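In: Compute the structure for the input listed below.
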Amino acid sequence: MSVMSRFDYSLLCNFPKCRAKLSGFAWVTACSHVFCDQHGSAEFSRTPAICPACSSTLSGKLDIVRTELSPSEQYKAMVLVGLRPETVLDISHRALAFWTYQVNQERRLMECSLSRAEVQVVQMEKVIAQQNQTRELEINALREEIASLNKRLVDYKQKYSEVSELLIKKNRQYQKLQGLFEALRLRPRSAGSRDGLHHASQAFATGLVRQHSPHGSPPFLSVGSEGDRLFSVEPESFKSFFQFNSSPRDKISANGHQEPIQAFVIPHSHMDVGWVYTVQESMHAYASNVYTTVVEELSRVKGRRFIAVEQEFFRLWWDTAASQWHKKQVRQLLQEGRLEFIIGGQVMHDESVTDIDDAILQLTEGHGFLYETFGVRPHFSWHVDPFGASATTPVLFALAGFDAHLISRIDYDLKDVMQKKKKLQFVWRGSPSLADTQEIFTHTMDQYSYCTPSYIPFSNRSGFYWNGVAMFPDPPKDGVYPNMSLPVTKETVEPYAQTMVDNIKQRAQWFQTNHVLWPWGCDKQFYNASVQFTNMDMLMNYINKHSTEFGVTVQYATLKEYFQAVHQSNLSWEVRGSQDFLPYSTEPFQAWTGFYASRNVLKGVARRASSLLHSAESLFVRYRIKYPEGPVQKEWALDKLKALRWAVSEVQHHDAITGTESPKVADMYMEHLNQSMMGVQELLAAMFLLPQDPDTASAKYRSNTKDEQPSKDLEQHIIVYNPLAWNVTTYINVSVKYSMALVYDDNGKVVPAQIQPSAESPADYDLFIMVELGGLQYRKYLIQFPQSECKKGSSCGITHAARVVKFERRDVSEWKKRGRKLLPVLNDCYKLLFDQETNLLHSITNRLEGQKVIIHQDFWEYDANGDVHAGPISDNYIFTANGSAVPAYKSVEMEIIPGKIISEVRQYFYREASDKNYTYAMVTRVPVGFKDKLLCQRLDQSYALGPLVVNREAVLRTTTSLSNKKTLYTDNNGYQMLKREHKQYINNTVSRNYYPMVRQAFIEDEDSCRLSLLSERAHGVASLAEGEIEVMLHRRLWNNQEWNRGYNLTLNDSSVVRPSIWMMLGSSAAVAALSQQGALYLQHRPVVLPIDKPQKPWSEHERWNGPSVQPVVLPPNLHMQYLGIPGWDYGPNHTQHLQNINSGVKTNPEADFDRVLLRIAHLYEKGEDPVLSKPATINLKEILQGLGEVKAVQERSLTGTWDISDLQRWSWRTTEKTGNKKTSSSSRRVTMDFNVTISPKEIRTFFIHF
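Out: Here you go, the predicted structure:
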């Protein structure tokens, strides 16, 4: 090595894994090692100091020296001045020896690395050579296979050509017969001519027949009774052509019974309300034809059946496409039990990220329509496509009066175990508090799920789908669709039958009875029901004729007929508790946990729309009772509410709120929500602004004395409504354009307020106003904007003008997170400490309980793979962690705004230290000076994320000192909390430990300290490390998977999302007592309705009319889940209602505006709280007197269609009890004086008449 090369060498840090080039200052040791300033400061602050490189003890005073590597000229001139020459040479020799040692060490390290690399190269060359040999063998084998396949392809093409020529020949024969038939039809009706017509008809029947519908709709082609002659091929050549080998037939049923297996063929069509295509596109392409042709075919043959599931398409068909003949036939088919409505909700709702209130809403919307129109009430569910099964859903279906529940999508390995052990059917007690009072028999579909087995060996197309595949955007005019299955003919019926029988027998092995549910249908099927049923009729007739040989009988059935057979088997079933089936996986690397966070904006808008609807419904009830003849037209108001009910119900579909739809369908949902929200906001404004009673007192804001001049200051008026049936003390935020403001309530009193520069818009100000509202109460506020400077002692000084304190941006690294310089932000309940060296949260102390927890909060990202050839991917549905998450920032900026209403901390996270724009932002608001327990003990956080880099999944990670053993608790649809213990998997452990958080999630340690997060929209949540909880807030993905790209289902979501989370910390008991209410406070925050823009003061006669309203207040453990006017036109007597429908007479041709639907829920589990978990007794008349005088109360089922005293659900034998008697779903009653007792987790529904 040359001398110059030595001088060119730069010292490197000797700290393991650092190896950074040294500049500036460095730490030098007596053992000839050198370290960078960062690691030197960290390692040598301990006593005694230990060298990180050689572990030598450095106890001497000068064993460690911090030196400047590039000293100044003055330092170099003076450092050795005055020393003897031999001393100078000795010092230089030692310094050069240190340098030589460092260079030699680096050379040895490089030689060692080079040696290891050479060995690895040799090994890799060997591996590559072996792989090349293997690949060459595989390529040769593939070439041979391709050659063989090409040869077979030529043979198939030849045979296809022969069949095509035969088909052309037969078509010519058909045309000749058609001409003969037409000629005979036109002859005079003599006896001879009738004979001729008879013979011609027989000849015609050997071909394709056109079956006309009774109302003259376009004809549909179907195969005639002997239509197989058109496709006739010699039996032996047929079998060799399709290469089908019939399997041996078992004359004994698969489960050992001598009687044949009884297969219930259930025709259905899975009709997604959205997903890839919009509702309008689906109606045009296939949905309308499903109901039109199904009704026609059921009417034609008595033995046929069909189940209708989602109601949105049916309602659209009923209102826009069904003829009077169709409607008459639907009523007849329902009476005969051959058409059955299953579930009956507007959609098949998702079970993971839907809120319980919205699930009930969409179910109520569908049930109300069905009962009002047909007098029917669904008894069974068909939840075949939601991505996982919640334990809340069976509880809701039991409360709605269902007798049995059906699910399908559960974890693949769990389903496999359940199949082998014949445990796919059980009695589910979804709520631990309700237990057996609301249990429900549950059937889990086997591995074939809800579709018919496809890709059968003898057919060149999907099996049993004779009508083919629906075409978008326009259906073909000739009725010929792609992938139409091979027709059932004399030659094909035997292999079709054997395939179907084999599948039935296989399924029979997985169930305890000899009854097999065989779903016939799939996505978008039965749009040509004539072709479907004609083929299946022939196939089923063949099987039943050979039932002794096959050991199987088949029959068309509704779901009721299947469940009746199972119920009558009188077996005892195992009981499943409140465990759910989440998360859902289909393969080791396909955990369907990504959709918990997909399309975060849509999830947020959907929940805001639901909250707005909740507020408007109760406010309309108040308005109607107080002003029954008010100026707001009731029909117009109900239309506005119905539009939002429809939109909120629609977006609960399992491919809607999940975020798994195509972009154009997501836009459709957003358009429906936004338009209907605007309509409801018009309704709110109308109820407040249109005059009700000119004699009522005006609102009092402030009054000018005789000596005072009218104010020239601008004024703005707002109304604030509390949609909860609890008294609420909180703050609201009004965005304004002025830096000074004064607030008055409707009693003329000045209201505490705080104004500060906005975090989101530099040109605006945030005005925080403290409000106190009774349950379901609204108040009016005047905001005055002083135009002159606020003088000391004047009234405008009552509003606190908060100032922003800015902290310089800090680079963040692990060694800086020491908490050496902490800044407190506190209120009466919490003390938050922020680390000024990192601008990150350091700890939180609960001042009421004296509990301190170290807490760090920041943003991390998972890097997603987008290339299917490189490994597992993430998409709309699936989250596949491509390694561990990494910090999504390098530096943090902080601002703190101390206040008298709230203190606000703003943190801005920058991806790179040099970036000008932040990628993430977090705003934490600490309420100050409030005595309200809930307000004091919550920390309000809001975030801004995005646009993300493509193929990134962003999480908020909260790391604490709690010892939770990676155990997490999450809510099921906002109804109940479930324990989620961390599970270790061979693959995909991170993704498979994610769960949905709809309203809340928490972690706690053995000392019963709990950290709870409350959310106003759904997210994914996990606890992947000790004391840690992370929430997935946003995803942006793109991949090259053909299926995703073909349907435009990649998630290239470039939006900026702004979710909010409330955080609570304290003892488990204290947090549990507050978090149930807290989640609802967050979901249903006060509605702020600006009445005008800042303007000159109103004159006295322009003041608002309307006195203050009386509050409606429930105990803290009861929640008014719904209060509204459904507007149904049926009466309370079921028998009379059916008679009216059958006679075509309606007793109430108009909507009933005097009937109010009230739903009250108990929030707590048994034993959860010593006080709040007790049953609560209330008097409905007293509770609701703030609305008006209650005259009558009737308890109903969950969706309002059953009088609770008439509801008798099936009772199922279990291993814990015997008996199969039908018992009442409830022995509860409302007393004559309107008292009702509501037990833990009960949801009670009532009709109220005022």
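
In: which helices and strands sit right next to the strand or helix carrying Glu138?
Out: Assigned by DSSP states H and E, Glu138 belongs to helix 85-185. Counting contacts by 3 or more C-beta pairs under 8 Å, 6 or more residues apart in numbering; DSSP states H and E, helix 85-185 packs against helix 3-8, helix 191-204. All C-beta atoms are positioned from the backbone trio N, CA, C, and that covers glycine.

In: In terms of mean pLDDT, which of these ranks lowest?
Out: Mean pLDDT values for the helices and strands packed on helix 85-185 show the minimum at helix 191-204, a mean of 35.

In: hang on, isn't Met1063 packed against Leu1013?
Out: Yes: using C-beta atoms under 8 Å, Met1063 is in contact with Leu1013, at 5.9 Å.

In: how about stretch 1015-1025: buried residues?
Out: 1015-1024 (16 or more other C-beta atoms under 10 Å).

In: from the chain's centre, how far out does it sit?
Out: Centroid separation for stretch 1015-1025 versus its chain: 12 Å, with C-alpha atoms, centre = their mean, to the nearest Å.

In: do stretch 1057-1071 as well
Out: 21 Å.

In: Looking at Met1063 and Leu1013, which has the bigger crowd around it?
Out: Leu1013 (24 against 19; other C-beta atoms under 10 Å).

In: any idea which element the more buried one lies in?
Out: Assigned by DSSP H and E, Leu1013 belongs to strand 1009-1015.

In: name the helices or strands packed onto that strand?
Out: strand 851-863, strand 952-960, strand 1000-1004, strand 1028-1036, strand 1060-1067, helix 1068-1083.

In: can you redo the ones you listed as a markdown table with mean pLDDT and distance to Thr100?
Out: Below are the helices and strands packed on strand 1009-1015 laid out as a markdown table (pLDDT from 0 to 100; distance: least, C-beta to C-beta, whole Å):
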| stretch | mean pLDDT | distance to Thr100 |
| --- | --- | --- |
| strand 851-863 | 97 | 44 |
| strand 952-960 | 98 | 45 |
| strand 1000-1004 | 98 | 55 |
| strand 1028-1036 | 98 | 48 |
| strand 1060-1067 | 98 | 57 |
| helix 1068-1083 | 96 | 63 |
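
In: Thr658: which of the ones you listed is closest?
Out: For the helices and strands packed on strand 1009-1015, proximity to Thr658 was assessed by C-beta to C-beta; strand 1028-1036 is nearest, at 12.2 Å.

In: picking that back up, from the buried residues of stretch 1015-1025, which two are the most distant?
Out: Applying C-beta to C-beta across the buried residues of stretch 1015-1025, the maximum distance is between Glu1016 and Leu1024, 23.9 Å.

In: where does the stretch 851-1000 of the chain have low pLDDT?
Out: Within the stretch 851-1000 of the chain, no range satisfies pLDDT under 70.

In: Now stretch 401-418 - C-alpha only, PDB.
Out: Extracted C-alpha coordinates of stretch 401-418, given in PDB (Å, rounded to 0.1, in the frame of the first residue of the first chain):
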ATOM      1  CA  GLY A 401     -86.900 -13.400  14.500                       C
ATOM      2  CA  PHE A 402     -84.700 -15.700  12.300                       C
ATOM      3  CA  ASP A 403     -84.800 -19.500  13.000                       C
ATOM      4  CA  ALA A 404     -81.500 -20.400  11.400                       C
ATOM      5  CA  HIS A 405     -78.300 -18.700  10.100                       C
ATOM      6  CA  LEU A 406     -76.000 -19.600   7.200                       C
ATOM      7  CA  ILE A 407     -72.400 -18.500   6.700                       C
ATOM      8  CA  SER A 408     -69.600 -19.600   4.400                       C
ATOM      9  CA  ARG A 409     -66.400 -17.600   4.400                       C
ATOM     10  CA  ILE A 410     -64.300 -18.700   7.400                       C
ATOM     11  CA  ASP A 411     -60.600 -19.400   7.700                       C
ATOM     12  CA  TYR A 412     -59.600 -22.200   5.300                       C
ATOM     13  CA  ASP A 413     -57.800 -24.300   7.800                       C
ATOM     14  CA  LEU A 414     -60.600 -24.000  10.400                       C
ATOM     15  CA  LYS A 415     -63.200 -25.000   7.800                       C
ATOM     16  CA  ASP A 416     -61.100 -28.000   6.900                       C
ATOM     17  CA  VAL A 417     -61.000 -29.200  10.500                       C
ATOM     18  CA  MET A 418     -64.700 -28.600  10.900                       C
END
